[in-house]
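Colleague: Sequence first, predicted model second:
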Amino acid sequence: MNKKLIGALLVLSFPLAAIAIQSPQSDSGPLDKDQRIERLTKEFGLNQEQKAKVESIVNDQKAKFKAMPEEKRSLLQGVLTQVQRTKLDKIHQQRQPKQSMTGEGGGSVAP
């Protein structure tokens, strides 16, 4: 039962995410998480229970998205030789200062 519910929520989250991404942005820039949830709530007429579930989905997906670069790097390191891992670490170190200067980030990025 729980697997079916989780599966249904995941299936429903993708169209909601696509709509949130495609929604026109306000004059002040991109919508933050709360603004996107409010927009979805109004656009779809979500009740409080649905809104809470959407918030949970958005938060879970955000956490997974932030963890992806580190997970990818960890998986790559399991495949690479020591020499290759050293190269990967050098690339990572070179990219970190560049990302912090541009405001990008959210974790390390492996090639």
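Modeller: Received it, and whenever you're ready, just let me know what you need.

Colleague: Where do the helices of the protein begin and end?
Modeller: 2-22, 33-44, 48-79, 82-102 (DSSP state H).

Colleague: and the longest one with helix 82-102, angle?
Modeller: This means helix 48-79. In terms of direction (axes from the mean of the first three to the mean of the last three Cα atoms, to 10 degrees), helix 48-79 departs from helix 82-102 by 140 degrees.

Colleague: In helix 48-79, which residues are buried?
Modeller: Buried residues in helix 48-79, defined by neighbour count with 16 or more other Cβ atoms under 10 Å: 53-54, 57-58, 69, 73. Backbone N, C-alpha and C define where each C-beta goes, glycine included.

Colleague: and those as JSON lines, adding distance to Arg36?
Modeller: As requested, the buried residues of helix 48-79 are arranged in JSON lines below (distance: Cβ to Cβ, whole Å):
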{"residue": "Lys53", "distance to Arg36": "15"}
{"residue": "Val54", "distance to Arg36": "9"}
{"residue": "Ile57", "distance to Arg36": "12"}
{"residue": "Val58", "distance to Arg36": "7"}
{"residue": "Pro69", "distance to Arg36": "22"}
{"residue": "Arg73", "distance to Arg36": "29"}
